[in-house]
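1. Okay, predicted coordinates and the sequence, questions at the end:
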Amino acid sequence: KLKYNFVLTLVILCNSVTYMKKQEHEENKQTLTEEQRKEKVQMDHEEEQKKRMEKFVIGGSDLIGNTIQRIFSKGDDFVIYDVSGVSLIESMKVFISEKKKGDIEPEKNYQQIKDEFDKFKSVLYKTNADLSYKCRAANAISVAISGNKDVGMAKSLLQKITEEALTEYKDNQQGRLWYLCGAIISTIMATILGLIAYICRASDFAQYNQGLIIFCYSSVFSTFGGLLSVSINLKNVSIEKALNNPMYAIYGSQRLLFSILGGIAVVLLVKSKMFFGDLMSGDKNLYALMAICYLSGFSETLVPNALKNLEGKAKK
């Protein structure tokens, strides 16, 4: 009986050990399956993410249908790009995709600089800054998203780019105003000369020098036309950073000088009856002559085109 109890106890003990080993094996098997499942989920996510990122090419469309015009920066989990067909403040886009499922660090980094990025886009819209500012801003955003450096450094870089865009805009506006001032000063000087000629038109000197008086009048009306042209096209005046403001004023005066030379050329062409031969018959129609001088001052191509036509006729 004792032997039987001993054998029974031994059997029970062996079965217990076998059951515990089997249970441990099942737990290990279940753990391994869970890890494999996570790996599969991650691989599927990376494959989907790769397909999403492959769609971001120049000429293609982003996820909401915008046409991609240019790509400034692209990584494994983000892309900074420009779209067409929208206003300047909305054209620059940032897309972030989780490289690892549940990894929100890149998005958090971007949110820390988003406020500065929005300010930059606002300044970009107001100043109409060139493309180089977008490229530099994209580099700063890339630094923040990738996390290679301090996010605060990227934010400071964005602030610096924004300030530089504003400074350049102010400098351009200042240069254009100086350019306009130079044109205005030339117009005032020509107007004073014209007024003196008109006041003294009854003097003996004016009576014996009618041609000189007409040239004075033509200079005045040419500068009027030139000043109007400068005022209309002031936004298109290119500003060179290396020049100081007085140089812009000289350029403005130079533009009015060309207008005066155009007006003088018109008087010579009309007086010589090469163009509008009947316009000044008997020294009449002075107002018509001044109107043409005004037009020649406004248009930079009127007199050059007329001279080219005259050159063509001379060759024939």
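-> Cool, the structure landed.

2. pLDDT weak spots in the stretch 101-250 of the chain?
-> Low-confidence segments of the stretch 101-250 of the chain, defined by pLDDT under 70, are located at 102-103, 148-149.

3. rerun that using 90 as the cut-off
-> In the predicted model of the stretch 101-250 of the chain, residues 101-158, 165, 167-176, 194, 197-219, 229-249 satisfy pLDDT under 90.

4. Show me where it has its helices.
-> For the stretch 101-250 of the chain, applying DSSP state H, counting those that start in this stretch gives helices covering 105-127, 131-146, 151-199, 204-208, 210-232, 245-271.

5. Tell me which other helices or strands the second one touches.
-> Other elements packing on helix 131-146 under the criterion 3 or more CB pairs under 8 Å, 6 or more residues apart in numbering; DSSP states H and E are strand 68-74, strand 78-83, strand 92-96, helix 105-127, helix 151-199. From N, CA and C alone the C-beta is placed, and that goes for glycine too.

6. Can I get the second one in PDB, CA atoms only?
-> The one in question is strand 78-83. Provided in PDB are the C-alpha atoms of strand 78-83 (Å, rounded to 0.1, in the frame of the first residue of the first chain):
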ATOM      1  CA  PHE A  78       7.600  64.300 -44.400                       C
ATOM      2  CA  VAL A  79       7.500  66.500 -47.500                       C
ATOM      3  CA  ILE A  80       7.500  70.300 -47.800                       C
ATOM      4  CA  TYR A  81       6.100  71.400 -51.200                       C
ATOM      5  CA  ASP A  82       4.400  74.200 -53.200                       C
ATOM      6  CA  VAL A  83       1.100  73.800 -55.000                       C
END
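
7. Can you give the strand pairings for that strand, parallel or anti for each?
-> Strand 78-83 sits in its sheet next to strand 68-74 (antiparallel), strand 92-96 (antiparallel), going by DSSP bridges.

8. between it and helix 131-146, how big is the angle?
-> Angle of strand 78-83 versus helix 131-146, following axes from the mean of the first three to the mean of the last three CA atoms, to 10 degrees, is 160 degrees.

9. Please apply the same query to the third one.
-> For strand 92-96 against helix 131-146, the angle between stretch directions is 20 degrees (the same axes, to 10 degrees).

10. Please export the C-alpha coordinates of strand 92-96 as PDB.
-> What follows is strand 92-96 as a C-alpha-only set of coordinates in PDB (Å, rounded to 0.1, in the frame of the first residue of the first chain):
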ATOM      1  CA  MET A  92       3.300  76.200 -49.200                       C
ATOM      2  CA  LYS A  93       2.300  72.900 -47.700                       C
ATOM      3  CA  VAL A  94       3.700  70.500 -45.100                       C
ATOM      4  CA  PHE A  95       2.700  66.800 -45.000                       C
ATOM      5  CA  ILE A  96       3.900  64.500 -42.200                       C
END
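
11. from the middle of its chain, how far away would it be?
-> 18 Å (CA atoms, centre = their mean, to the nearest Å).

12. Check the second one too.
-> With CA atoms, centre = their mean as the basis, the distance from the averaged C-alpha position of strand 78-83 to the chain average is 16 Å.
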